[in-house]
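> what's the 3D shape of this:
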Amino acid sequence: MKTSLKTTVITLGLMGISAFAGWKGNDFFHKDIESQIYTREAADHQTNDWGDLIIYTPEDGTSTYGTKNTLTAVAEIKPGQQIHPPHQHSGEEFIYILEGNGVWSMKGKEMPLKAGDMMYSEPWDWHGLTNTGSTTLKFFVMKWDNKGVRMPKQK
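Numbers count the residues shown, from 1 in each chain. As a prediction, the model looks like this:
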């Protein structure tokens, strides 16, 4: 148990150090949003050929204390569709599958996905997903750029 506590303390310390490694002064403390509840009714609903995107915080203009360009959304993808082909970007990203099944694409490899699965993509890793099922594929996405952290080189 002591080893676990020691590991946790060391890990948190290293995370704190890395968060300030590239600190850029006041930009680190600038934020655009306050603590609040985001309702589905107030979200920006977009309908596309591939399905619907419900944007809770838009990527452009949303920053928190530690993030910028922060997108939070729920996507509902029609059977046989994808939002876009596998891609890469500077932001970190989590995708959590709420409903449905399909195929993940991660760094050139494909693997099945199902409800309850989650993906993390670090900056510049190629990733994507496709709905290969017969029902809507629904997922929550959170994507952001970090403030005050040096960006890895594009892969």
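
> Every contact and neighbour count from this point should use C-alpha atoms.
Fine.

> could you point out which element follows the helix or strand of the chain with the lowest mean pLDDT?
Lowest on mean pLDDT, DSSP states H and E among the helices and strands of the chain sits helix 2-20, with a mean of 55. Sequence-wise, the next helix or strand downstream of helix 2-20 (DSSP states H and E) is strand 44-48.

> what pairs with that next one, and is each one parallel or antiparallel?
Partner strands for strand 44-48, per DSSP bridges, with pairing direction: strand 51-57 (antiparallel).

> what about the partner strand, average pLDDT?
Strand 51-57 carries an average pLDDT of 97.

> Each with direction, which strands does the next helix or strand after it pair with?
Tracing the chain C-terminally past strand 51-57 and defining elements by DSSP H and E, one meets strand 67-77 next. Strand 67-77 sits in its sheet next to strand 51-57 (antiparallel), strand 137-146 (antiparallel), going by DSSP bridges.

> mind putting those strands in JSON lines, distance to residue 83 and mean neighbour count included?
Output for these, formatted as JSON lines (distance: least, Cα to Cα, whole Å; neighbours: other Cα atoms under 10 Å):
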{"stretch": "strand 51-57", "distance to residue 83": "8", "mean neighbour count": "19"}
{"stretch": "strand 137-146", "distance to residue 83": "11", "mean neighbour count": "21"}
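
> quick one, which of these is nearest to residue 64?
strand 137-146 (9.6 Å; Cα to Cα).

> Low-confidence ranges, the chain, go.
1-30 (pLDDT under 70).

> Which secondary structure state does residue 132 sit in?
Assigned state for residue 132: coil (three-state reduction, DSSP: H, G, I helix; E, B strand; the rest coil).

> excluding its backbone neighbours, what's nearest it?
residue 102 (4.4 Å; Cα to Cα, 6 or more residues apart in numbering).

> ok, what's across the strand from residue 46?
residue 53.

> Likewise for residue 110?
Beta-bridge partners, per DSSP bridges, of residue 110: residue 105.

> Surely it and residue 86 touch.
No: Residue 110 is not in contact with residue 86 according to Cα atoms under 8 Å; the separation is 10.5 Å.

> ok, the two, which is more surrounded?
Neighbours were counted for residue 110 and for residue 86 using other Cα atoms under 10 Å; residue 86 has more, 17 against 13.

> Thank you, goodbye.
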